[in-house]
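Visitor: Next comes the sequence, and after it the predicted model I'd like to discuss.
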Amino acid sequence: MSGLDIAIRGVGGTVSRIAFGPLPGLTAELDTSKTVIVTDGLIRRVHGSSFPSCPVIEVERGEAAKSLASLEALYGRFLELELGRDGLVLAIGGGTVSDLAGFAASTWLRGIAFGFAPTTLLAMVDASVGGKNGVDFRGVKNLVGSFSQPRFVRMDVSLLSTLPDIEFASGMAEVVKHAVLAGGGYFDLVRAEAGGTPARRPDRESLERIVAGSARIKAEFVERDEREAGERRKLNLGHTIGHGIEAASGLPHGHSVAAGLASACRLALGLGLLAEAECDRITRLIEACGLPSSIAGAAAAAGLADGSGLRAAIARALTADKKRRGEDMLMALPEAVGSVSIRSVPIADLLSFVQEAP
């Protein structure tokens, strides 16, 4: 294992290993006769020559893959391929592919092994790490899911060279979130290597350090609280309002989270939890990564009018959030770079904020 490699130890004694290396190198580490690959058509066309020699199941691309219909179709292919208890599901693609494939594997035959080879920055720093798998239900993200750790995650940052700028920027939203959570040297690394020019991308060595740093930060939260009973809730920073923006606007997940993170900073500022200088520090980094730093900015990025209709749609999505507790919402709010707390915010106050925030 290299110095960048990471092990996540689950509550049941399972170990999930995150290793950096080329995707083709996986072939030597798998029993290809018992492995099936789950991917989407675009990823197969772009990277298929590097896939291990295994049966390939194609699923829909994007959020459309995370449906009960897609899940049922995937189960059907598992049955046709006679995938047994000793089999392994390898998800190659972005976060929607890993979310669907991980949930399918963790429920097939009451649970079989699975691994991830993420091909987007967002999947590398977020979806592939931590063991949360699932599908959407009736328009609500990740409403049906499980906690189950992948056996391994193979990180090959060279795959990101084919990633469009908009998708790279989307992944940077989760990187910025981790930088706010960790603060210190990691925040400085992200600001130095990824800030300054929206189109700028770190070189390979710096990118590996950024991905490894984000994965390690998330892994530490997962080890302390695998089932999201407390500490791990801080990883939802930016996601409460962000998920509402995503549902209402159709903006990519990372761009929505970025606007949600900036909004959470302004909410924390209004509650007296966050100093204005720290709020500005965070929002400047969001903007330097080419991401929207407000609800209005998210609307503009989505090509929508920022009016009462959009704000009302965001508010409706918020009321269905899994973090709701009666008339309150559990929210991760920043108190400083490197310090985030979980606060109970009255739903009525949150909805008023969404109507009035920039």
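Guide: Sure, I can see it. Here the structure is a predicted model, which is why all the values come from computation and not from measurement. Numbering: from 1, shown residues only.

Visitor: R324 - how many residues pack around it?
Guide: 15 (other CB atoms under 10 Å). To be clear about C-beta, it is placed using only N, CA and C from the backbone, and glycine gets the same treatment.

Visitor: And it, its phi and psi?
Guide: phi -70, psi 140 (degrees, to the nearest 10).

Visitor: How about the contacts made by the spatially closest residue to it that is not a sequence neighbour?
Guide: In this structure, R324 finds its nearest non-sequential neighbour in I347, 6.9 Å apart by CB to CB, 6 or more residues apart in numbering. The contact partners of I347, taken as CB atoms under 8 Å, 6 or more residues apart in numbering, are L318, T319, R324, E327, D328, M329.

Visitor: Now do the closest residue to G102 other than its chain neighbours against A298, distance only.
Guide: Using CB to CB, 6+ apart and skipping the chain neighbours, the partner closest in space to G102 is N133 (3.3 Å). Per CB to CB, to the nearest Å, N133 is found 27 Å from A298.

Visitor: Would you confirm that R227 belongs to a helix?
Guide: No. R227 is assigned coil when assessed by DSSP: H, G, I helix; E, B strand; the rest coil, not a helix.

Visitor: Can you get me a residue count around the nearest residue to it once chain neighbours are set aside?
Guide: Closest residue in space to R227, ignoring its immediate chain neighbours: F147 at 5.6 Å, by CB to CB, 6+ apart. F147: 16 surrounding residues under other CB under 10 Å.

Visitor: What of R311?
Guide: 20.

Visitor: any idea which element it lies in?
Guide: helix 308-319 (DSSP states H and E).

Visitor: For that helix, buried residues please.
Guide: Residues L310, R311, A313, I314, A315, A317, L318 are the ones in helix 308-319 that count as buried (16 or more other CB atoms under 10 Å).

Visitor: and the most centrally placed residue in the chain, what is it in contact with?
Guide: The centroid of the chain falls nearest to D126 when counting by CA atoms, centre = their mean (3.6 Å). Residues counted as contacts of D126 (CB under 8 Å, 6+ apart) are G95, G171, E174, S214, K218.

Visitor: of all those residues, which comes closest to L261?
Guide: Comparing the contacts of D126 against L261 with CB to CB places E174 closest, at 9.6 Å.

Visitor: just checking, the closest one touches S128?
Guide: No. Counting by CB atoms under 8 Å, E174 sits too far from S128 to count as a contact (11.2 Å).

Visitor: any weak-confidence spans in this structure?
Guide: Applying pLDDT under 70 to the chain flags residues 1-3, 11-12, 195-199.

Visitor: quick one: the strands in it?
Guide: Assigned by DSSP state E, the strands in the chain fall at 6-9, 15-20, 35-40, 56-59, 88-93, 113-118, 132-137, 140-147, 152-155, 324-325, 328-336, 339-346.

Visitor: Present those strands as a markdown table; the columns should include distance to D188.
Guide: Compiled in a markdown table, the strands of the chain are given as follows (distance: least, CB to CB, whole Å):
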| stretch | distance to D188 |
| --- | --- |
| strand 6-9 | 21 |
| strand 15-20 | 22 |
| strand 35-40 | 36 |
| strand 56-59 | 39 |
| strand 88-93 | 32 |
| strand 113-118 | 25 |
| strand 132-137 | 29 |
| strand 140-147 | 32 |
| strand 152-155 | 22 |
| strand 324-325 | 36 |
| strand 328-336 | 15 |
| strand 339-346 | 16 |
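
Visitor: Count the neighbours of V15 for me.
Guide: The burial count for V15: 11, using other CB under 10 Å.

Visitor: Next, the contact list for it, please.
Guide: Contacts of V15 (CB under 8 Å, 6+ apart): A7, I8, R9.

Visitor: Next: A248.
Guide: By CB under 8 Å, 6+ apart, the neighbours of A248 are L310, A313, I314, R316, A317.

Visitor: Who's the closest spatial neighbour of it, skipping the chain neighbours?
Guide: A313 (3.6 Å).

Visitor: before we move on, what about N142?
Guide: G134 (4.5 Å).

Visitor: beta partners of the one you found?
Guide: Beta-bridge partners recorded for G134 (DSSP bridges): G145.

Visitor: Hmm, it is touching S146, no?
Guide: Yes. Between G134 and S146 there is a contact at 6.6 Å, judged by CB under 8 Å.

Visitor: Look up how far L261 lies from G242.
Guide: 7 Å.

Visitor: Then L237?
Guide: Taken as CB to CB, the span from L237 to L261 is 6 Å.
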